[in-house]
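> using only what follows, build the 3D model:
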Amino acid sequence: LSNLNTIGFKERLHLFEDLMSSSVTTSSNAIGTGNVLPTSYSQQGQGSRTSAVISRFYENGALQTGDRVTDLAISGNGFFQVTADGKTYYTRAGNFAFTKDGELINPGGLNLMGRRIGSNGSTGGLEAIKLDPSKDMYMAGKASTQATIISGLGMTETKTTSSTDPYFSLALTYNANQDPPVASSGYSNGVSVYDSQGKKHELTVNYDLVEKTSDGRKIIQYTVNMPPGEDGRAAFEGTSGAGLLMSGTMTFTSAGVLQNMSAYVPTSGSNVNDLTTWQSVAVGASGVPVSTMFKNTAQDGTSTYSSGSLSLDFGLGFSSPAGTVQAAAIGSDPNNLPGYTGAGNTPPSNVSSQNRTVAYSGEVSTISRSTDGYSEGYMQNMEIDSSGVMSIMYDNGKSQAMYQIPLFIFRGEQDLKAEGGNLYSATLDSGEAIEGAADEENFGKIVSTSLEMSNVDVARQFAHMISNQRGFQFNSKIITTSDSMLQKALELKRA
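Numbering: from 1, shown residues only. So this is what the prediction gives:
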């Protein structure tokens, strides 16, 4: 009962056995004469001793809410492994906390063991869990290499037009010296991308309806631009074409499904109105158009530029551009629009309509947008899941798995040696520790921000106490009675 509130304590059952016994001569077992054997033997005990102490590892204690995320409880089988001075111990008490040096220890100063998780998800060897405040608490920014924008382009009106080049009217009206650079469009959205320094830049995509063909197809033009002042390309910086990255068309079936597309990039910012300076865009490994960006990463008033390729995914991927049709040669004939090899008039079988831009009539919206880049981040929180994976959450919305906390079981856990302080060590009889991941077969799950309390049963302990008290009273009565009998015998002798 004194360990009723001890974290992770396991109730122990003491088993007793007789110490020794001696034969007692009675009338029924006296040695006979001749060939007559005694009929029975009588023995009396000569004390008792403890034969075994069984810990109730198989019974979990109640879980109590902890104060921090590193308060850990095990629901089911298993022990945490902790070490100190080269010695290894096992415990169910999960009240761990970080030191100023980043070590995760229990109140006795023993280190909790885990396996470091690499950036590729692989785990290393077993080691004392330790977070480096100068590295693990900070996440460097990552440059975007791909951006995805899935939209619903159900516009029914044309906002910009050109009698000679209707499929590029948005690009032909682009002017970096006005705000916004594209004065009018049927719809616009965008996505945030990041440079190698983790600085955020906004990409804007403008869309406009060009026409509906006689066979029911719907053709929409688009432009992609970044803020003109952030464009560091030598041929574009300070020109009217600064910030303009790409222009092209999307062709939809009569059902509004994206069927084909084209993409072009300008080669000079001073004459973006001259379509002869535009060239077809290459396709990256992911099968989508790729644009090269030079991003201004100005810091502390000093302008520096970092270049990088950015794939723009509208939900349709191909192998390569079909043909080398120049932008100036397209004119107003939709049959001159180039596409991408593998498209034809049938959408690729590996792209579902739920994951691509659509043009359902009357529906204009941004369905989804994402990028693989992100800004720098600082530690905001930590979580430990049921499988023991410790992850750090950063204020840039990203997370990073740091350690896997394993559990250990024994074939003969009743033979573990109690070392005090809720610690146990392996013995020859217990066998070696068997390591495994939490929340898998034969291993319990880890519950964060919780502590396993003692599994001592108050009612059972009080019943044992009453039983022991009665046994003590009976034994005391025997001694008293024996003393009275001896006293009486002495009195008879004196008489």
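> in stretch 195-209, what's buried?
195-199, 201, 203-209 (16 or more other CB atoms under 10 Å). Every C-beta, even on glycine, is put in place using the N, C-alpha and C of the backbone.
> that stretch: how far from the chain's middle?
Relative to its chain's centre, stretch 195-209 lies at 28 Å (CA atoms, centre = their mean, to the nearest Å).
> avg pLDDT for it?
For stretch 195-209, mean pLDDT rounds to 89.
> same thing with stretch 364-372?
Rounded mean pLDDT across stretch 364-372 is 91.
> what's the pLDDT at residue 245?
91.
> just to revisit the earlier point, out of the buried residues of stretch 195-209, which comes closest to residue 451?
The nearest member of the buried residues of stretch 195-209 to residue 451, counting by CB to CB, is residue 198 at 38.5 Å.
> that's a helix at that closest one, yeah?
No: assessed with DSSP: H, G, I helix; E, B strand; the rest coil, residue 198 is coil; it does not lie in a helix.
> can you tell me the closest non-neighbouring residue to it?
Distances taken as CB to CB, 6 or more residues apart in numbering put residue 141 closest to residue 198, at 1.7 Å, once the chain neighbours are dropped.
> what is the neighbour count of the one you found?
19 (other CB atoms under 10 Å).
> before we move on, what about the one 10 residues further on?
By other CB under 10 Å, 27 other residues sit near residue 151.
> can you pull the contacts of it?
Listed by CB atoms under 8 Å, 6 or more residues apart in numbering, the contact partners of residue 151 are 187, 189, 205, 207, 314, 357-358, 365-367.
> again with residue 146
286, 288, 310-313, 371-372.
> the same query, at a cut-off of 10 Å, please.
Counting by CB atoms under 10 Å, 6 or more residues apart in numbering, residue 146 makes contact with 193, 284-286, 288, 290, 309-313, 370-373.
> of the buried residues of stretch 195-209, closest to residue 432?
Once CB to CB is applied, the member of the buried residues of stretch 195-209 that ends up nearest residue 432 is residue 198, at 46.8 Å.
> from residue 149, how far off is the nearest residue in space to residue 448 that is not next to it in sequence?
For residue 448, ignoring the flanking residues on the chain, the nearest one in space by CB to CB, 6+ apart is residue 384 at 4.2 Å. As judged by CB to CB, to the nearest Å, residue 384 and residue 149 stand 36 Å apart.
> how about residue 185?
For residue 185, the distance to residue 149 - CB to CB - is 14 Å.
> repeat for residue 230
19 Å.
> now swap in residue 327 and tell me
Taking CB to CB, one finds residue 327 at 22 Å from residue 149.
> turn the contacts of residue 151 into JSON lines, columns for distance to residue 241 and secondary structure.
Shown next, in JSON lines, are those (distance: CB to CB, whole Å; DSSP: H, G, I helix; E, B strand; the rest coil):
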{"residue": "187", "distance to residue 241": "22", "secondary structure": "strand"}
{"residue": "189", "distance to residue 241": "22", "secondary structure": "strand"}
{"residue": "205", "distance to residue 241": "17", "secondary structure": "strand"}
{"residue": "207", "distance to residue 241": "20", "secondary structure": "strand"}
{"residue": "314", "distance to residue 241": "22", "secondary structure": "coil"}
{"residue": "357", "distance to residue 241": "25", "secondary structure": "coil"}
{"residue": "358", "distance to residue 241": "31", "secondary structure": "strand"}
{"residue": "365", "distance to residue 241": "29", "secondary structure": "strand"}
{"residue": "366", "distance to residue 241": "26", "secondary structure": "strand"}
{"residue": "367", "distance to residue 241": "30", "secondary structure": "strand"}
